[in-house]
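Colleague: sequence and predicted structure are below.
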Amino acid sequence: MEELRLAWERCRRYMEEADYQGYDPYDALRAPLWRVWPLSSCRLARRLGQQLVLRSPLNLRPLLGIRPGRNPVTLGLALEGYVAAWVLFPEQRPEWEARVRWCIAELERLRSPGWQAAWGYDFPWEARRMSLPALAPTVVATGIVTTGLFRAAAVLEEEQARKLCLRAAAELLERFPRSYDDGQMLCWAYSPWDAQQVLNATLMGARLCAQAFALSGQEAFRHAASRSVRFALSHQRADGAFPYAVGGDPRRWVDHLHTGYVLECLHAYRLHTGESTLEEPLARGWRYYRRHLFTAEALPRMSATRTYPIDASVCAQAIRTLCRFGQVETAAAVARWAVEHLQRPDGAFAYRRHRLWTERTVFMRWSVAWMFAALAELFCYQAGAETYARLG
């Protein structure tokens, strides 16, 4: 554990010294050239430019004038890590408490404009079915941020974190669009600008509602979470896999990162609601995940059809999911691999490892913050910290 603790400390120092600011895989549209007409209004050009910067083996961002940004998701993940540290290392609790309160205040400042408690990314981006401005709310970003807030509320009894978490759940029910709702099942849209049916995204909403139910006991939250879970389970394949998207969407692939999200959210929903009928589909999903999304050496694969490249975020999600399903030793092995192959001398984690080479660009949200939160969670499970484990 000592080796991983030192790696976590180096990661923490890097994140804090950078003031939680950094590049992101999808931040290409922060470049000044995209503010100039006609590029500012040409979706195809913007999408192609975004993909070029994303896929380039060299970091083109400094050349394009892209400045590091502070992403709300980075702060949500940092918040998770600090709450875990508060549980694990009580001798430093004043420091962790100060960091927790700063993250909460900064998350309140970075809320999506016009929303009481919703979050998005700090850059504009183009997806296949939508164009999102900076800080536009998404159910995924909001779901990750509110998990950090929920942990701060449940463990440190931070009242402002509790209020923000409950406000976010209330706005999800009252204002966020649904791409499917037949009265029995629902699927939250990815954002207010689209009608995608993405399973991991709607389950982020379900987890938020389950967390709000745990904090408040309000039945409306549990009921909404149940309907979203029912929708996701209705699209689970016979072999246990969860496709990325449904409803006529061609993106039916199965990958490690989003399958991990699905299992993590279902696990949290079961924990906070006591839902017993989830056992069989969750067990099937878990079996598929372990059999098809890891190598024989327990290395997390990118997808069901390919192993490389392996992102730092995939490693982080593997650590989290394995811990929740009781495979703590395997999670520690993944952590050691990530530290050996992806952590840089400065403490940051590189983007991804290909079969023969490594992309060493640092992405604060995608790699550094995810690994910071995942390693802290691993330490809690290794230490048998039941208080933290019961949070899902």
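Modeller: Cool, the structure landed.

Colleague: mind pulling up the pLDDT for the spatially most central residue of the chain?
Modeller: Per CA atoms, centre = their mean, the C-alpha nearest to the average position across the chain is that of Ile144, at 5.0 Å. In this model, Ile144 is scored at 98, pLDDT.

Colleague: before we move on, what about the one 4 residues further on?
Modeller: According to the prediction, Gly148 has pLDDT 98.

Colleague: could you do the one 10 residues further on as well?
Modeller: Here, the pLDDT recorded for Glu158 equals 98.

Colleague: thought Ile104 was touching it, still the case?
Modeller: Yes. Using CB atoms under 8 Å, Glu158 is in contact with Ile104, at 6.3 Å. For the C-beta atoms, the positions are set from N, CA and C on the backbone; glycine is no exception.

Colleague: joint contacts of those two?
Modeller: Shared contacts of Glu158 and Ile104 (CB atoms under 8 Å, 6 or more residues apart in numbering): Ala152.

Colleague: so what's Leu215 up against?
Modeller: Counting by CB under 8 Å, 6+ apart, Leu215 has contacts Phe150, Ala153, Ala154, Arg162, Cys165, Leu166.

Colleague: out of everything not next to it in sequence, what's closest to the fifth one?
Modeller: In this case it means Cys165. Leu149 (4.5 Å; CB to CB, 6 or more residues apart in numbering).

Colleague: show me what the helix or strand that neighbour falls within is packed up against.
Modeller: Assigned by DSSP states H and E, Leu149 falls within helix 139-155. Counting contacts by 3 or more CB pairs under 8 Å, 6 or more residues apart in numbering; DSSP states H and E, helix 139-155 packs against helix 72-88, helix 93-109, helix 159-174, helix 199-216, helix 386-389.

Colleague: and the angle from the fourth one to helix 159-174?
Modeller: What that stands for is helix 199-216. 130 degrees (axes from the mean of the first three to the mean of the last three CA atoms, to 10 degrees).

Colleague: on that earlier part again, pick out the most distant pair among the contacts of Leu215.
Modeller: Largest separation among the contacts of Leu215 by CB to CB: Ala154 and Leu166, giving 12.3 Å.

Colleague: before we move on, back to that, make TSV out of the helices and strands packed on helix 139-155 and add distance to Pro38.
Modeller: Compiled in TSV, the helices and strands packed on helix 139-155 are given as follows (distance: least, CB to CB, whole Å):
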stretch	distance to Pro38
helix 72-88	31
helix 93-109	34
helix 159-174	36
helix 199-216	32
helix 386-389	51
